[in-house]
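**Q** build me a structure from this.
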Amino acid sequence: MNDDTETDLDEAEEIRAAETEARVRAENRAERAERAERMAREGAQAMAEHHAAIKAVDERTVRLRALRLAKEAADAQTAAAEKQAADEAKAAKSAAKGGVKGAARKAPPKTAAKG
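**A** Sure thing, here's the model as predicted:
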């Protein structure tokens, strides 16, 4: 082989190497772009799931608070009714024992002083 043939082969090899390198760089760029796009999609999906979880917790909190307040109101109403029933029973028992004594214990109504 002569020098011209070797030079032509070297040049062809360099061209092929440059083309391969350019193709590899382009593929790497495409892979990086694809990876960045995939990560952005996954990040958006993760944020959506996170916000959905927060919303679900907030909704449960509101529901449970409403249930608790309703239960507390019902308990208070029941306690008031029981106290009233107990007071009425006590008053009935006092009246049955001696209604006059129970009436005598009460203070007479106050009247306005003239003068």
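
**Q** tell me where this structure has helices.
**A** Listed in chain order, the helices of the chain (DSSP state H) span 3-105.

**Q** report the central residue of it.
**A** Nearest residue to the geometric centre of the chain (Cα atoms, centre = their mean): Val57, 2.7 Å.

**Q** for this structure, which spans come out with low pLDDT?
**A** Regions of the chain meeting the criterion pLDDT under 70 cover residues 1-5, 99-115.

**Q** go again using 80 as the cut-off
**A** Low-confidence segments of the chain, defined by pLDDT under 80: 1-8, 98-115.

**Q** run a quick neighbour tally on Ala95.
**A** 13 (other Cβ atoms under 10 Å). In short, each C-beta sits where N, CA and C put it, glycine included.

**Q** please renumber the chain so that the first residue is 53 from this point on.
**A** All right, first residue 53 from here; so that's Ala147.

**Q** measure it to Ala137 for me?
**A** Per Cβ to Cβ, to the nearest Å, Ala147 is found 15 Å from Ala137.

**Q** again with Gly150
**A** Between Gly150 and Ala137 the distance is 22 Å, computed by Cβ to Cβ.

**Q** next: Ala88.
**A** From Ala88 across to Ala137, the span is 73 Å (Cβ to Cβ).

**Q** Leu116 too?
**A** For Leu116, the distance to Ala137 equals 31 Å [Cβ to Cβ].

**Q** equivalent analysis for Glu65, please.
**A** Computed as Cβ to Cβ, the Glu65 to Ala137 distance reads 106 Å.

**Q** what does Ala100 give?
**A** Going from Ala100 to Ala137 by Cβ to Cβ gives 55 Å.

**Q** now swap in Glu124 and tell me
**A** Applying Cβ to Cβ, the value for Glu124 to Ala137 is 20 Å.

**Q** ok, now Glu111?
**A** 39 Å.

**Q** and Arg120, by the same measure?
**A** Counting by Cβ to Cβ, the gap from Arg120 to Ala137 is 26 Å.

**Q** how about Ala143?
**A** 11 Å.

**Q** I appreciate the help and will end here.
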